[in-house]
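Engineer: Provided below are the primary sequence and the corresponding predicted coordinates.
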Amino acid sequence: MPSAKIAPSLLSGDFANLANECQRMLKDGADYLHMDVMDGHFVPNLTIGAPVIKSLRKHTDAFLDCHLMVAEPERWVDDFAAAGTNLFMFHYEATKHHEALIERIRNHGMKAGIAIKPKTPVDAILSLAGQVDMVLVMTVEPGFGGQKFMVDCLSKVRALRQAYPDLDIEVDGGLDLTNIDEAAEAGANVIVAGTSIFKADKPAEVIATFRNTINAASA
Ligand SMILES: O=C(CO)[C@@H](O)[C@H](O)COP(=O)(O)O
Ligand SMILES: [Fe+2]
């Protein structure tokens, strides 16, 4: 499987100090910055939109992994592309026009990703997964940080890894040092974590352990 990429979720950071929080995570070894975009409709929470990504882009060249938990993701492709998004990750459940959206995202110069919620079966995206740059298997119900990891979701990671040995497969929600082994064994290689990184005394050590665990599993 592809090498490990660790993506701290800035949802657990200090939003009033976002650029510094991003710099701190990069210094601690982050590969990507995971930005959770929530609209209060697709999920029962509100966070940030394209204007914040645009402002942040002036402070960093880092890879911005934007997780759009929004209804009608099509509405936001132009704005997120113009803001400097690297990866536009939309939810399977939020649209009926998956292939058209993937093409539109790519035409705007971004990488495309598709995410599924815990109750969505993997069969829904098994063929679409071959058309995107990354899939995201949620391991909590989207909407909030700090929730409990749902181990059952890893069967979907296993099925995707078996079908796509070279695909970037991301997991998001409740990842920490107690479950990273299982996630690695299932075949996940892109790890999103908010609470377990930001609340750690030494975030760099948590990021390094995540990376080593994933890379050891793929060796
Ligand atoms: O997308 C989401 C939540 O909807 C996540 O990215 C969380 O923000 C991850 O936070 P932890 O579960 O690691 O605290
Ligand atoms: Fe997320």
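Structural biologist: Now that the structure is in, tell me what you want to look at. Ligands and ions are numbered 1, 2, ... in the order given.
Engineer: Any stretches of the chain with poor pLDDT?
Structural biologist: Of all residues in the chain, none has pLDDT under 70.
Engineer: what's the single longest helix in it?
Structural biologist: Longest helix of the chain, by residue count under DSSP state H: helix 203-218.
Engineer: from the chain's centre, how far out does that helix sit?
Structural biologist: 17 Å (C-alpha atoms, centre = their mean, to the nearest Å).
Engineer: now check that helix, is it near ligand 1?
Structural biologist: No - Helix 203-218 lies apart from ligand 1 when judged by C-beta under 6 Å from any ligand atom; the minimum separation is 10.9 Å. No exception for glycine: its C-beta is placed from N, CA and C like everyone else's.
Engineer: where does Ala19 fall, phi/psi-wise?
Structural biologist: Backbone torsions for Ala19, taken as degrees, to the nearest 10, come to phi -60, psi -40.
Engineer: Give me the spatial nearest neighbour of it, chain neighbours excluded.
Structural biologist: Take Ala19 and drop its neighbours on the chain: the residue closest to it by C-beta to C-beta, 6 or more residues apart in numbering is His59, 3.9 Å away.
Engineer: Close to ligand 2: what parts of this protein are there?
Structural biologist: Applying C-beta under 5 Å from the ion, we find that the chain lies next to ligand 2 at 36, 67, 172.
Engineer: Turn the residues you listed into JSON lines, including secondary structure.
Structural biologist: Converted to JSON lines, those look like this (DSSP: H, G, I helix; E, B strand; the rest coil):
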{"residue": "Asp36", "secondary structure": "strand"}
{"residue": "His67", "secondary structure": "strand"}
{"residue": "Asp172", "secondary structure": "strand"}
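Engineer: which SSE is the residue nearest to Ala19 in?
Structural biologist: Of the helices and strands defined by DSSP states H and E, none includes His59.
Engineer: Tell me how many other residues crowd it.
Structural biologist: Applying other C-beta atoms under 10 Å, we find 12 residues neighbouring His59.
Engineer: Report the contact partners of Asn189.
Structural biologist: The contact partners of Asn189, by C-beta atoms under 8 Å, 6 or more residues apart in numbering, come to 1-5, 168-170, 214, 218.
Engineer: Next step: those residues restricted to helices.
Structural biologist: Secondary structure from DSSP H places 214, 218 of these in helices.
Engineer: Greatest separation within the contacts of Asn189: which pair is it?
Structural biologist: Greatest spatial distance among the contacts of Asn189 (C-beta to C-beta): Glu170 and Ser218, at 14.6 Å.
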